Structure formats: C-alpha cells, structure tokens
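[1] Following is a predicted model, sequence given first.
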Number of protein chains: 2
Amino acid sequence: MKKLLAAALLLTSTASAETVATGDMGVVIERATGSVLLVDQSERAALARIEGFGDLSHASLVYSPDERFAYIFGRDGGLTKLDITTRQIVNRVMQSGNAIGGAISDDGKLVAVSNYEPGGVRVFDADTLELVLDIPTGGKTIGLVDAPGRRFVFTVWDTGETWIADLTEAEPQITRIPDMGDRPYDALITANGRTYITGLFGEDGMTALDLWDENPEPIRVLPNYGRGQEEMPVYKMPHLEGWALTGTEFVLPAVGHHEVLWVDADTLEETARTKTHGQPVFAMARPDGRQVWVNFAHPLNDTIQVIDSVSKEIIHQFQPGPAVLHMEFTPRGHEVWLSVRDAGKIMVYDTRTFEKLREIDAESPSGIFFTARAHRTGL
Amino acid sequence: MKKLLAAALLLTSTASAETVATGDMGVVIERATGSVLLVDQSERAALARIEGFGDLSHASLVYSPDERFAYIFGRDGGLTKLDITTRQIVNRVMQSGNAIGGAISDDGKLVAVSNYEPGGVRVFDADTLELVLDIPTGGKTIGLVDAPGRRFVFTVWDTGETWIADLTEAEPQITRIPDMGDRPYDALITANGRTYITGLFGEDGMTALDLWDENPEPIRVLPNYGRGQEEMPVYKMPHLEGWALTGTEFVLPAVGHHEVLWVDADTLEETARTKTHGQPVFAMARPDGRQVWVNFAHPLNDTIQVIDSVSKEIIHQFQPGPAVLHMEFTPRGHEVWLSVRDAGKIMVYDTRTFEKLREIDAESPSGIFFTARAHRTGL
C-alpha cells in the first residue's frame, strides 16, 4: 500500500475514488475535536483526518461487512456514516439526545443505537440511515450487542431487564428477561454470540444469559465479588467489552481492586486472580489468547502490564505515556496500537519483542477500531 | 455495493480502478479451467472471471492483510498473485513441480508453499514473489500452516517429522520434532495458533503438538481410532482443515466411517460420535459454533447434513446437487456458500431457515475462499 500512502496526502478530504483495499485500515476517535483519524495498519501511518462528528467524548463505531463504511456513535446522539474509501461523511442523523453505543446486525443491514436520553434502542437502515424501528424500554439502555440471527441484545439500567430483539421477520419478536440484577451498567457478548454477561452497579457479582437456551434465564456469576459496599464513582467501572477470552478462560478487570480475575468460560466460576499495578480498565487478550494486556484507571493510567495466560504472571510492564486509554491488536496479533491521549500519540508495539515500532500524531486519541471488526460478532 | 455490481460487467478483465472495498468479497476456484471467479457476498453474485492460473485441480489460496491480493497455490507448483481490486494477475511463478498448499505469515510479508515434488517448503516475498528461503525437508511436505510470531509449521510425509520454522530473525530458526507418526498426510492448526494436529495414513490415531510449550512433544490423540486395517484409498481421507471447533469441542470427520467424532479441545479425548449419511469429507462449524455442516465422499456427495452442536443430533438434511465439494460461511455465519461441482453452480443458503437464496453459475467450482480469511490464523 505504499502507493496509497503517497496518494493519501493529495487525496485527503477530496472525493476522488482510488482503488482501495480496506482490510488493514482503521479509524481512531479523536475525542476532543469531534474528528477521526483514518489509519493504515500495514504502513503504521495516518492517512487522513475527517471532521464533523459532533461530541466524541464517549464514542464507538462498527463497520459494514464490506469494510467500506464506519458507523460512528457519538455521545450526543449523533449517528454518522463515514465512507473510508472516499474519506467523506456520507450521512449523519441526530437520533437521540444522549447515546451510549451501537451495533450492526450479522447481515449488515441494520444499525442499532442504545440511548440514555430518551432511553430505548433505535434501529436504522444501514444503507440510508432511515429509522426502521423504535424500541422504547422505559429506561436508560446499555450493553447493546448484535447476536447471530439478526438479533440485538440490550439491557435496561432502571428495570434490570435484558431484552432480545429478533428482527428476522417483518414483525419484531421481543423477549424480555427480568431479574438481571440491580442497575446493570454494561454488558458484553462472547465472540461466538452465545453468552451475554452484564456487570452490576447496585450489587455484587454479574449476571449471565445462555442465548443458546430456548428460554434463557439469569445465571449469577461470582456473586460474592464486585464493588461491595465501597462507594466507587461510575467512571471507574471497568469496560466489559474489554473482557478477554484466552482458550477456556475469561479474564476480567476487577471492580475497584488492583487485580484481574480469571473465570472458567464453561462453569463461570473463578479460577485465579493476578495482582496488577492499578485498577484495570481494559484487560484485552491478544487474538491468539497467549497474552493479556491491561491498562489502568487514573492516576496510574500511564502504565501497561502484559500477563502470560498460561502462567498468569506479569511478563512485561512499561509506561507508554500519560493516559493510555485504549488498545487494539492487529487481527492476527503481531502488533498492538495504543492511544496515549495526553501525549497526543498513537503508539505501535511489536507484541513479541515489546519494541516500539512507531509513533503517530493524533488529537487526544481514544478508541482505536480496525476494520477486521466487521467480521466479528459483538464488537 | 449495487453500483459495483453493475460496473462489474463492464470492468471485467480491464485494469480500470473503481472504489472497491474488499471485505465482503471472495474467490472461487474453477478446478477444470484454471480460472477463478471473483464473488461478492453481499450481492450474492459473481463479479468477474479471471483466467490463467494453470492446474487448479487441488488448489487453495491465502489473502494479504489488506484483503487486496490473493495468493493462489496450484497443483502444478504455480504461485499466482491476483489483485482483486483490478481483477488482474499481477505476478506468477512456477515454484515447484507439484505443490500442496500454502500459508502467509502473520505480518503478511512472507508467503510459503509446501511441495510434493521436489519436496520441502519455499518461502517468497509477498510483495515481489522473489524466493526468500528454500527449506529442503527430505520428503513430501504437507500440513503447512502459519503460526503467530512469523512462524510456519509443516510436516514431512516420508520422515514423520514436524518442523517449526521461525522467521523473525535474519537467520531462520528451525525446530524439528520427530516421531509424529507413520506417514502424516495432512494437518491443521487451531484458530488460536496453539495446537497443531496431524492425521496419519500409516497408523491409527492422530498426533498433536502444543506450540505454546517451550519444547513441544508429540501427543497421541485417539490412538485406537482411524483407518485401522482397512485399505482405504487416500482420496477418501478427510480434509483436516475442515475440522471445526464448537465452544470447547472439536468435530472431526471420521476416517472411513459414516460418523463424525467430538473431541474435547482441552484433553483431546473423545466425547461423542454422531452417525452420518456417508463418509464425511469436511465437518465445518458455523462461525458461532452452533451448527456443524458436513459433506460426504463419492458416491454420497450430493448431500449435506447439519448437526446441532449442543444436542449433537442431525437437525437438517438436503441434497444441493451432484458433487458438493466445499462450503464457506459468511464471516458472521448468517449464510453459507456451497460449491456444487457437477451442477456448475455455487448455491447460497440461509443458515437459520435453510432456504436457498441464490444460484450462481461457475465452471466446476471447488474451493470457496472469502476475504475475511485474511484476518485469521491457519486458514
């Protein structure tokens, strides 16, 4: 892609069409400026900055199956469709007052957004961004994920219910599962789309659902573990999307403790704990599962620790710089990109030698999203 | 991508550059004519036929990380580099007299080919196809796969050795592991790059290696299972690359029996068997692992059975047509494409309803390879 890189400098913010293969690209959120950076993994380089995405202070995105379009979910309720081949915004709607993430159906036809204000989930045509379906839930809606079979799964903070919306037929089928727990604040789905797990703010432990079950029922996980009676501010709650699966175990950032927990993926029982440098925010497995990379909450957020998933011991620790907010592995795991917000840099590392390979300038970078996510469930 | 499809009819076999996102494309081998068909998953359509690949009677391919180039390994030793954005062959070398498959390193820089004649493995620069490294092995070389950390793993039929070639440094590091068994005929690596398993022609059972071990040693798997004393022709040996992982179990086509075997991925011990319509050739898990699709050896190769991976029972059976040779799931598993060689068709099915969605004309289609493979280990 050397030729593309050279061309990029000329093409930035024009609509010219080049032959572009997008499989090794990515989009980085620039949280302070409402812009994103289009990046190239193979060249370890930024290709273009695109502006006009609104409030990206807590933003995420998903990709179309052809890895051409990114759907960016802004904090302000903005849903923006970016064409990464032409590097232009092709559509943008303000779909709510305050949004908290989104998902794309397995067939790539529907984009769903979960909202704090006015709550509920709204589903849009991925092609036109026209509203297809409005699902009021009676509360702030979190933990929205896609599941196989054109389904979306999400959870209501206020009522402690998880909803499964099956959109395969003209008439949507909604299944409501009560008693997921007190004030679920986030959720994840495993990569195979089978297990949905919610973290709880109001009580200890977590709650899982087996989506392969005909009638999924809440399963309590680590019921004696969690925030306990400590009054911890919500911004320290770890990101559940960062939960890692290494072979037959999950790794999860402990809530309010300086450790990560290892949980058997089958039995959902705790198998081990590893002491860490600080309160973990993300614990992310390298795609082969051999390493788990952990970043930490303020004020220890200048540090990364790497854990070996066999010995469960820390094998490497380093300080990339101030405010390491996010990590993204190349799809086959040979490199990792880190957002170092207060250094204004993305840093690229070799995951085998831990050598720093490149620094890329970015404006307050946060989430890094590589296009390979298009082919995965629940990302 | 509707516009692209219309444009495709005009663009075929020209070098015109269109804006092309390649994440939902694929290449289908046309085994009788030395040609390939470029296909679009979202449109369920053929975009172009490209010719000039030599003998494709037992061909496979891998993709560059950007999903722009396909490297096609022909039976005649031809290694051909296809640019799927311009739809043209950009390079082709005859690298041996008789080849049996290839792999691409995790960083996308090296393409390796394993050879029957003269044997050994040859490694090429993915950019130029220049020979980088010749690894004579003293025999027919099979089961070549890529492993994390710029490694290739392969096995020698004649000597029963597995070799691990680590190409991270200027000087390649080769580790030879003897005693893998009598005449290994094929091998696979699990999706996480940890376990390498060879099938044996000369004795019962299989042999596994734990590549995470500092000094991997042969582990016997199902030592009392295999072809036994029956004299079965080699062409009925099942394809090991079709082994499927569903949650915590492998599914493998039994050798010479009308059944598939379920094996615990951790202990490598047999957990169950499912009786099937015929001798299975491929047993492939839908990406979420909930279903396993099985095709069969001649003369029962007009039939597909679908097995539920929880109940391990056959939930669907149908006859797509004569000689179903290969299956490929869309990356998130909502559809599956089948090559029906003697019908001259590719058939596309919904994996939930089992409804046939489309037939696409093709000349004796065999292997179907979607571009999402670029992001996976060992495919």
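    Structure's in. What do you need? Numbers count the residues shown, from 1 in each chain, chains lettered A, B, ... in the order given.
[2] Counting by contacts, list what the helix or strand hosting residue A:346 packs against.
    Assessed by DSSP states H and E, residue A:346 sits inside strand A:345-350. Judged by 3 or more CB pairs under 8 Å, 6 or more residues apart in numbering or on different chains; DSSP states H and E, strand A:345-350 is in contact with strand A:335-340, strand A:356-361, strand A:365-370. (Each C-beta comes from the backbone N, C-alpha and C, glycine too.)
[3] what's the angle between the last one and strand A:335-340?
    Calculated by axes from the mean of the first three to the mean of the last three CA atoms, to 10 degrees, strand A:365-370 forms an angle of 160 degrees with strand A:335-340.
[4] Wondering if strand A:365-370 reaches chain B at all.
    No. Counting by CB under 8 Å from any CB of the partner chain, chain B has no neighbours in strand A:365-370; the shortest distance is 8.8 Å.
[5] if we look at that strand, which residues are touching it?
    Residues outside strand A:365-370 that contact it (CB atoms under 8 Å, 6 or more residues apart in numbering or on different chains): A:24-31, A:37, A:39, A:41, A:56, A:59-61, A:63, A:70, A:325-328, A:330-331, A:337-341, A:344-346.
[6] Restricting to C-alpha, output that strand in CSV.
    Output of strand A:365-370 as CSV, limited to C-alpha atoms (Å, rounded to 0.1, in the frame of the first residue of the first chain):
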residue,chain,number,x,y,z
PRO,A,365,-6.9,9.8,20.7
SER,A,366,-9.2,7.4,22.4
GLY,A,367,-10.9,4.3,20.8
ILE,A,368,-9.0,2.5,18.0
PHE,A,369,-11.1,0.4,15.7
PHE,A,370,-9.6,-1.8,13.0
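[7] Please identify the pairing partners of it and their relative orientation?
    Strand A:365-370 has the following sheet partners, assigned by DSSP bridges: strand A:25-30 (antiparallel).
[8] starting at the chain centroid, how far to the partner strand?
    13 Å (CA atoms, centre = their mean, to the nearest Å).
[9] Report the next helix or strand after it in sequence order.
    Downstream of strand A:25-30, the next assigned helix or strand under DSSP H and E is strand A:35-40.
[10] tell me the angle of that next one relative to strand A:25-30?
    Using the same axes, to 10 degrees: strand A:35-40 against strand A:25-30 is 150 degrees.
[11] coming back round to it: just put the helices and strands packed on strand A:345-350 in JSON lines and tack on mean pLDDT and mean neighbour count.
    Formatted as JSON lines, the helices and strands packed on strand A:345-350 follow (pLDDT from 0 to 100; neighbours: other CB atoms under 10 Å in any protein chain shown):
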{"stretch": "strand A:335-340", "mean pLDDT": "98", "mean neighbour count": "23"}
{"stretch": "strand A:356-361", "mean pLDDT": "98", "mean neighbour count": "14"}
{"stretch": "strand A:365-370", "mean pLDDT": "96", "mean neighbour count": "23"}
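[12] what about the nearest residue to residue A:139 once chain neighbours are set aside, distance to residue A:356?
    The shortest distance from residue A:139 to any residue other than its chain neighbours is 3.0 Å, reached at residue A:158 (CB to CB, 6 or more residues apart in numbering or on different chains). Going from residue A:158 to residue A:356 by CB to CB, to the nearest Å gives 45 Å.
[13] and if you look at residue A:67?
    Applying CB to CB, the value for residue A:67 to residue A:356 is 27 Å.
[14] what do you get for residue A:265?
    Noted for residue A:265: a distance of 33 Å to residue A:356, by CB to CB.
[15] same question, residue A:329
    15 Å.
[16] Residue A:207 now?
    Taken as CB to CB, the span from residue A:207 to residue A:356 is 40 Å.
[17] Could you do residue A:116 as well?
    Applying CB to CB, the value for residue A:116 to residue A:356 is 38 Å.
[18] what does residue A:264 give?
    Counting by CB to CB - residue A:264 and residue A:356 are separated by 35 Å.
[19] Confirm that residue A:133 sits in a strand.
    Yes. Assessed by DSSP: H, G, I helix; E, B strand; the rest coil, residue A:133 belongs to a strand.
[20] Could you check how many residues crowd around it?
    Using other CB atoms under 10 Å in any protein chain shown, residue A:133 is surrounded by 15 other residues.
[21] ok, now residue A:82?
    Neighbours of residue A:82 using other CB under 10 Å come to 25.
[22] The helix or strand harbouring it pairs with which strands, and in what direction?
    If you go by DSSP H and E, residue A:82 is part of strand A:78-83. Paired with strand A:78-83 in the same sheet, following DSSP bridges, are strand A:69-73 (antiparallel), strand A:88-94 (antiparallel).
[23] what is the nearest residue to residue A:359 once chain neighbours are set aside paired to in the beta sheet?
    Excluding the flanking residues, the one nearest residue A:359 by CB to CB, 6+ apart is residue A:345, at 4.9 Å. Here residue A:345 sits in beta bridges with residue A:340, residue A:361, as judged by DSSP bridges.
[24] Which pLDDT does the model give residue A:345?
    pLDDT for residue A:345: 98.
[25] same deal with residue A:303?
    pLDDT for residue A:303: 98.
[26] circling back to that earlier point, single out the most deeply packed of the strands paired with strand A:78-83.
    strand A:69-73 (a mean of 25; mean count of other CB atoms under 10 Å in any protein chain shown).
[27] Just the C-alphas of that strand, formatted as PDB.
    Only the C-alpha atoms of strand A:69-73 are listed here, as PDB (Å, rounded to 0.1, in the frame of the first residue of the first chain):
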ATOM      1  CA  PHE A  69     -18.400   2.200   5.900                       C
ATOM      2  CA  ALA A  70     -17.900   3.100   9.600                       C
ATOM      3  CA  TYR A  71     -21.000   3.900  11.700                       C
ATOM      4  CA  ILE A  72     -19.800   6.200  14.400                       C
ATOM      5  CA  PHE A  73     -21.900   6.600  17.600                       C
END
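[28] ok, residues contacting that strand?
    Residues contacting strand A:69-73 (CB under 8 Å, 6+ apart): A:27, A:29, A:36, A:53, A:56, A:59-64, A:78-84, A:90, A:99-102, A:104, A:111, A:113, A:126, A:369.
[29] Please pick the buried ones from the residues you listed.
    Of the members of those, the ones counted as buried by neighbours, 16 or more other CB atoms under 10 Å in any protein chain shown, are A:27, A:29, A:36, A:53, A:56, A:59-64, A:78-84, A:99-102, A:104, A:111, A:113, A:126, A:369.
[30] Setting aside sequence neighbours, what's the nearest residue to residue A:326?
    Spatial nearest neighbour of residue A:326, chain neighbours left out: residue A:339 (4.5 Å); criterion: CB to CB, 6+ apart.
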